[in-house]
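Q: After the sequence you'll find the predicted model.
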Amino acid sequence: MTPLRKKKARVTIFDLVTLLLILTGVIYLSHRIRVGLHYKWNWQAMPQYFFRYDQQKGEWVTNLIMEGLFTTIRLSVWGTILATVLGTIVGLCRLSRGLFYRLVGRTYVELIRNMPPLVLIFIFYYFVSSQIMPLLAIDDFIFRQPESVQRVCAILLAPPSFLSAFLSALFTLAVFEGAYIAEIIRAGIQSIDKGQWEASHALGLSKWQQMRYVILPQAVQRILPPLAGQFISLIKDSSIVSVISIQELTFQGMELMAATYLTFEIWITIAVLYLVMTLTCSLAVQRLEVRLARGRS
């Protein structure tokens with residue numbers, strides 16, 4: 001096969017005109033906000049909400065926006081991992097020959113996908129935080145650990161005092177997103193030609209070996225684009241947990257806006273940070289798709 005060649009991007013007159021129109025629109029909206037709403041822009045006040053100088057420690061530390069950003073990243077990363085594991089298991093249950101597994105998988109998918117996400121957030125969060133977390137006694141276990149372990153926990157998950165709420169929100173996000181990932185997994189596996197199953201069976205492979213060595217490698221290439229879209233959706237959906245006082249990016253934005261009244265500056269900054277996260281994820285998946293395509297060719 002001929003090697004894949006990357007097309008060179010060319011800037012056309014149309015691109016320049018479009019960029020000019022966008023810049024003109026941004027300038028006009030900024031002017032109307034200042035004149036029509038009598039709003040005083042104060043961008044120079046924003047850097048202090050990213051980092052601040054701690055007099056006691058004698059060093060720069062993260063402030064509200066960066067703390068919210070890191071919490072959102074943690075929720076997104078761990079939520080993606082848990083949702084993918086849960087979605088894969090449920091997707092395989094949907095394809096199982098056993099009636100019980102198919103019923104369990106379909107009930108979960110239909111129930112979660114046909115409920116408003118905000119309602120699910122409240123139901124799962126308060127059930128998990130009030131029933132499951134006390135039984136697991138995670139807070140007591142973490143507080144009994146050495147300070148170094150608590151520091152690692154704060155870096156990877158959340159500070160010990162907020163760990164229970166963080167895990168409850170994480171579980172809620174994973175359950176919600178897992179239903180959509182399950183359908184992506186199921187559709188990807190079912191899209192593989194039946195002849196692949198028959199050929200692998202003829203080679204003497206077991207059902208698990210067929211799935212692992214023949215079907216899933218082909219299905220991954222097909223489900224990667226929709227999975228990437230779901231991962232990006234999870235980053236954006238993580239803002240929902242702000243309603244249960246999880247101190248992620250959107251929650252910190254609301255707190256700052258209420259305290260400073262820098263409405264447009266704060267929400268434009270929050271929007272840009274979300275855009276950076278989603279674009280980074282999208283570009284990473286595109287590079288992975290290119291590598292998979294090269295390996296296939």
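A: Thanks, I have it.

Q: Counting neighbours, which bits of the helix or strand of the chain with the lowest mean pLDDT end up buried?
A: Least confident helix or strand of the chain, by mean pLDDT, DSSP states H and E, is helix 133-136 with a mean of 76. When burial is assessed from 16 or more other C-beta atoms under 10 Å, helix 133-136 yields the following buried residues: Met133. For glycine as for every other residue, the C-beta is placed from the backbone atoms N, C-alpha and C.

Q: same question, stretch 165-185
A: When burial is assessed from 16+ other C-beta under 10 Å, stretch 165-185 yields the following buried residues: 165-185.

Q: is it fair to say Tyr53 lies in a strand?
A: Yes. Counting by DSSP: H, G, I helix; E, B strand; the rest coil, Tyr53 is located in a strand.

Q: Report the beta-bridge partners for it.
A: Trp60 (DSSP bridges).

Q: helix/strand/coil for Lys57?
A: At Lys57 the chain is in coil, as set by three-state DSSP.

Q: show me the residues around the closest residue to Thr71 other than its chain neighbours that make contact.
A: In this structure, Thr71 finds its nearest non-sequential neighbour in Glu248, 4.4 Å apart by C-beta to C-beta, 6 or more residues apart in numbering. Residues near Glu248 by C-beta atoms under 8 Å, 6 or more residues apart in numbering: 68, 71-72, 75, 238-239, 241-242.

Q: Count residues in the vicinity of the nearest residue to Lys40 once chain neighbours are set aside, would you?
A: Leaving aside its sequence neighbours, Lys40 sits nearest to Arg34 (C-beta to C-beta, 6+ apart; 7.4 Å). Neighbour count of Arg34, defined by other C-beta atoms under 10 Å: 13.

Q: if we can go back for a sec, for the least confident helix or strand of the chain, packing partners?
A: Under the contact definition 3 or more C-beta pairs under 8 Å, 6 or more residues apart in numbering; DSSP states H and E, helix 133-136 sits against helix 163-190.

Q: downstream neighbour of the helix it packs on in the secondary structure list?
A: Beyond helix 163-190 in the direction of the C-terminus, DSSP states H and E gives the next helix or strand as helix 194-202.

Q: Now tell me what touches the following helix or strand past that next one from outside.
A: Downstream of helix 194-202, the next assigned helix or strand under DSSP H and E is helix 207-210. Applying C-beta under 8 Å, 6+ apart, the contact partners of helix 207-210 are 197, 200-201.

Q: okay if I get the residues you listed as CSV plus pLDDT?
A: Formatted as CSV, the contacts of helix 207-210 follow (pLDDT from 0 to 100):
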residue, pLDDT
Trp197, 80
Ser200, 83
His201, 78
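
Q: Return the set of buried residues in the biggest helix by length in the chain.
A: Longest helix in the chain, counting residues (DSSP state H): helix 263-296. By 16+ other C-beta under 10 Å, the buried positions in helix 263-296 come out as 264-266, 269-270, 273-274, 277-278, 281, 285.

Q: Which neighbouring elements make contact with it?
A: Secondary-structure packing of helix 263-296 (3+ C-beta pairs under 8 Å, 6+ apart): helix 64-94, helix 216-237, helix 249-260.

Q: from the chain's centre, how far out does it sit?
A: Distance of helix 263-296 from the chain centroid (C-alpha atoms, centre = their mean, to the nearest Å) equals 11 Å.

Q: coming back round to it: of the contacts of helix 207-210, which is the most crowded?
A: Busiest of the contacts of helix 207-210 [other C-beta under 10 Å] is Ser200, holding 18 neighbours.

Q: just to revisit the earlier point, which of the helices and strands packed on helix 263-296 has the lowest average pLDDT?
A: Least confidently modelled of the helices and strands packed on helix 263-296 is helix 216-237, at a mean of 85 by mean pLDDT.

Q: what comes into contact with it?
A: Helix 216-237 is contacted from outside by 72, 76, 79-80, 83-84, 117, 173, 176-177, 180-181, 184-185, 187-189, 191-192, 196, 274, 277-278, 281-282, 285, 288-289, 292, 296, using C-beta under 8 Å, 6+ apart.

Q: Cool, thanks, signing off.
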